[in-house]
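Chemist: Provide a 3D model corresponding to the input given below.
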Amino acid sequence: MAIRDGLRRHGGLAAFFVYVVASLALFGRPLLNDPSNTCLCVPGTTDAGVIAWALEWWPHALVHGLNPFHPSIIYAPGGFDIALGGLMPGLAFALWPVTAVAGPLFAYNLTVLLAPALAAFFAFLLCRRLNGAFWPSLIGGWLFGFSAYLLGQDAAHLNLSLVFLIPAMAHLWVRASAGELSRRRFGLLLTVALVAQFSLSVEVFATFTLFGALTLLLFWLVGGAEAREAIRPLLAPAALAYVATAVLVSPYLYYALMPGGLPVDVPRNEMFSNDLLGFVVPSEMIRLGGVHYISTSAKFTAGPIEGAAYLGVPLIVLLALSAWAGWRRAWVRVLVFVLLIVALCSLGPRLHVEGSRSIPLPWDVVARLPVLGQMIPDRFAVYVTLIVAVLVAWWLSTVRIPATRVAGWGLALVAIVFLWPAVRLQFWESHPDVPKLFSTTAYRHVFRPHDTVLVLPVGIEGQSMLWQAETHLGFAMASGYVVPPEATDPYKHTPIDPALTYNAPVPHEAHAAAAFIASHHITVAVLSTSGADNSPWPALLARLGWGSVAEDGAVVLRPEGLVPEPLQPFPPPRHELATGGPGAQRQARRVAREYMAAFVAGNTSQFCSLLTDQALAAQIAHRGAGQAQCATALVGLMQKLTALRVIARATRIGPATLRGSHGYVALRGSKRNITYLPVRELGGRWLVDGVAQPPSR
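Modeler: Residues are numbered from 1 along each chain as shown. Purely as a prediction, here's the structure:
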């Protein structure tokens with residue numbers, strides 16, 4: 001009796017404790033050996049590095065007043081629209097103190113451990129609200145939180161494993177429809193949950209909206225008058241919650257819906273679809289039978305990480321028993337109908353059986369639509385799993401016949417065994433190659449403040465995002481990886497892209513590399529020591545006059561010899577023209593004013609600190625020059641230009657003509673002559689990018 005009373009009062013805490021301990025025991029053991037260089041992710045993935053970078057970026061952008069949706073510290077100097085990448089601002093702000101103190105990799109690993117526990121806990125709360133029993137709900141929470149879907153996504157895609165808000169929002173609907181929440185409170189809580197879900201994963205937000213609407217429609221049609229009476233008062237606050245969410249996330253929507261955003265890629269939808277056999281044949285991520293059936297599961301096009309359909313025979317039997325026992329209940333029938341529809345949609349545009357494509361399926365039409373076509377079908381399995389967990393937990397709580405009850409509980413435990421993860425195969429353990437140059441502060445002594453670093457390889461084959469994250473975003477780089485290879489990125493159509501990403505040969509590689517380096521103002525290239533052995537880039541850059549040096553586990557390359565004045569992406573304007581945002585205008589004009597003031601005063605240190613690296617190097621015609629060398633070299637020149645400096649006192653700063661991260665500031669001379677000073681934005685700061693030029697003709 002005391003145990004029962006304790007579970008009634010503190011059952012939620014007890015369940016959460018069980019799930020957290022289980023997650024730590026299953027996935028946390030690799031951290032005991034090498035916590036600083038261990039990632040609880042599948043070996044070789046670069047997706048973990050992207051999330052680790054995002055954990056650093058969002059707070060960094062807020063603190064420094066930068067545009068959070070278009071960072072210029074990746075794919076420099078132009079930057080990239082990360083609204084297409086789903087980079088979890090909600091998680092970044094929630095873990096801000098953890099990331100600041102312990103680093104992005106620690107924060108990432110902490111989230112990996114919490115994701116299954118949170119999903120299981122909120123599914124437990126939903127199940128307990130529906131059946132009122134602790135132990136069946138504990139089983140239901142486990143079946144969802146430690147499902148094949150969560151096991152796969154937690155190994156690579158944190159934005160898809162943090163799905164605890166799905167059962168949480170379903171719980172809100174259940175309580176509100178029962179009259180336990182006022183409409184105002186329901187609308188407010190739903191708005192908070194929707195915004196939070198949007199900030200974790202736009203894809204999950206969209207699929208929840210789609211299948212949630214489907215569920216409401218079926219309840220309206222099948223549930224009878226009682227269900228309609230419960231749903232009707234909630235429609236208005238729910239609609240208002242979505243309107244409020246749209247307003248709150250409108251900055252994201254602005255960038256995501258810009259021309260060129262949200263492409264529809266039907267082949268990607270077709271590849272990442274569940275196989276019909278995937279519901280009963282385990283992948284190698286499942287301990288029981290996964291390796292034995294690899295000859296079959298290896299043919300599933302979605303692969304072990306994305307292939308999330310697996311339920312196992314015992315759980316399917318339990319599902320059938322639950323549906324049969326509760327068929328007279330309208331809500332059970334609705335959930336079964338939704339489950340069948342979602343399972344069908346998860347099979348994708350075409351039916352896959354052991355990897356072979358056959359007949360078209362209903363999702364083939366949806367896959368070709370904007371926005372909806374971005375949804376990956378195999379990920380719909382998260383809703384299948386939640387419905388299964390709810391129905392099984394309900395059935396276990398209703399069984400009264402002793403023999404049936406024993407058999408049912410035995411089958412539930414067997415179902416958990418069938419879903420047990422194959423932790424020994426190290427799907428949740430890797431040791432990313434992070435040179436000491438980036439894991440310590442050594443990079444500060446190698447990279448100059450205004451360097452643009454090319455981290456190789458670029459994109460999906462490299463760890464550039466993780467390396468930059470480990471330095472707390474301490475340098476700007478021309479590298480990056482935000483969207484999958486199938487999507488559009490800044491370099492996809494450049495001649496040098498295959499060499500940048502895959503180290504593949506390209507025609508006229510020296511010319512292509514030189515053009516890319518010049519257009520992106522690259523001053524440093526870096527590879528890991530192990531990566532340099534198999535990369536063509538050290539030899540290629542040596543042909544362009546670059547020298548290399550080993551630095552703390554990395555190979556750092558810099559150009560040597562003379563350097564020309566930086567090339568500008570567009571010529572000076574013919575007439576004074578103010579373009580660009582007000583903030584950028586002020587900063588560009590301020591740096592021009594400080595530049596002219598330093599020249600007039602003969603302050604070479606201040607003068608050189610306002611130059612980009614290429615402009616600085618061109619000032620004294622030597623690639624390797626730093627600010628100290630520049631200041632020393634220009635002392636004599638400043639003395640020779642005393643008369644010109646006196647004339648420069650009369651110069652007035654005009655408007656700035658800005659396009660993206662480049663532009664010109666008008667300089668008005670004493671005799672009404674106008675020249676244009678090239679400027680460039682780097683890491684949120686505008687700098688002078690060369691000598692003043694006459695207007696275009």
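Chemist: which helices and strands sit right next to the helix or strand T501 falls within?
Modeler: Using DSSP states H and E, T501 falls within helix 497-502. When contacts are defined as 3 or more Cβ pairs under 8 Å, 6 or more residues apart in numbering; DSSP states H and E, helix 497-502 packs onto helix 509-519. Quick note: C-beta positions are derived from backbone N, CA and C, even for glycine.
Chemist: what sits up against stretch 363-370?
Modeler: Stretch 363-370 is contacted by residues 262, 264, 266, 269-270, 273, 344-345, 347-350, 372-373, 375, 377 when judged by Cβ atoms under 8 Å, 6 or more residues apart in numbering.
Chemist: for the helix holding T501, the distance to its chain's centre please.
Modeler: Relative to its chain's centre, helix 497-502 lies at 22 Å (Cα atoms, centre = their mean, to the nearest Å).
Chemist: for it, what is the average pLDDT?
Modeler: Across helix 497-502, pLDDT averages out at 92.
Chemist: May I see the buried residues of that helix?
Modeler: 497, 499-501 (16 or more other Cβ atoms under 10 Å).
Chemist: Flag the shaky bits of the chain, pLDDT-wise.
Modeler: Counting by pLDDT under 70, the chain contains low-confidence ranges at 1-9, 259-268, 485-488, 561-565, 618-628, 670-672, 697.
Chemist: tell me the centre residue of this structure?
Modeler: With distances taken as Cα atoms, centre = their mean, L87 lies nearest the centre of the chain, 3.0 Å away.
Chemist: which residues touch that one?
Modeler: For L87, the contacting residues are 50-51, 53-54, 57-58, 159, 482, by Cβ under 8 Å, 6+ apart.
Chemist: hmm, 10 Å instead?
Modeler: Neighbouring residues of L87 by Cβ atoms under 10 Å, 6 or more residues apart in numbering: 50-51, 53-55, 57-58, 68-69, 71, 159, 199, 482.
Chemist: So which of the residues you listed sit within helices?
Modeler: Cross-referencing those against helices under DSSP state H gives 50-51, 53-55, 57-58, 159, 199.
Chemist: For W53, see how far away the residue lying closest to S439 once chain neighbours are set aside is.
Modeler: Spatially, and ignoring its direct neighbours in sequence, S439 is nearest to E470 (5.4 Å; Cβ to Cβ, 6 or more residues apart in numbering). E470 is 9 Å from W53, where distance means Cβ to Cβ, to the nearest Å.
Chemist: circling back: among the contacts of stretch 363-370, the buried ones, what's the PyMOL command?
Modeler: Selection of buried members from the contacts of stretch 363-370 for PyMOL, criterion 16+ other Cβ under 10 Å:
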select buried, resi 269+270+273+344+345+347+348+349+350+373+375+377
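Chemist: So what's the residue count around T38?
Modeler: 18 (other Cβ atoms under 10 Å).
Chemist: The residue nearest to S439 and C39 touch, don't they?
Modeler: No. The pair E470 / C39 is not scored as a contact, 11.6 Å apart, by Cβ atoms under 10 Å.
Chemist: joint contacts of the two?
Modeler: 49, 52, 105, 432, 434.
Chemist: Next, give me the two most distant ones among the residues you listed.
Modeler: Farthest apart among the shared contacts of E470 and C39 by Cβ to Cβ are A52 and V434. That separation is 10.3 Å.
Chemist: Same drill for these two, tell me which one is more crowded.
Modeler: It is A52, of A52 and V434, that has more neighbours when counted by other Cβ under 10 Å, with 29 against 21.
Chemist: my guess is that one meets S464, correct?
Modeler: No. Using Cβ under 10 Å as the test, A52 is too far from S464 to be in contact (11.6 Å).
Chemist: one step back: correct me if wrong, but the residue nearest to the centre of the chain is in a strand.
Modeler: No. L87: not assigned to a strand; according to DSSP: H, G, I helix; E, B strand; the rest coil it is coil.
Chemist: Please tell me how far it sits from Y676.
Modeler: Computed as Cβ to Cβ, the L87 to Y676 distance reads 37 Å.
Chemist: picking that back up, quick one, phi psi at the residue nearest to the centre of the chain?
Modeler: Phi and psi for L87, reported as degrees, to the nearest 10, are phi -100, psi 30.
Chemist: Would you quantify the distance from it to L253?
Modeler: From L87 across to L253, the span is 15 Å (Cβ to Cβ).
Chemist: Equivalent analysis for R405, please.
Modeler: Taking Cβ to Cβ as the measure, R405 falls 51 Å from L253.
Chemist: what about the residue nearest to S439, distance to Y443?
Modeler: Here E470 is placed at a distance of 9 Å from Y443 (Cβ to Cβ).
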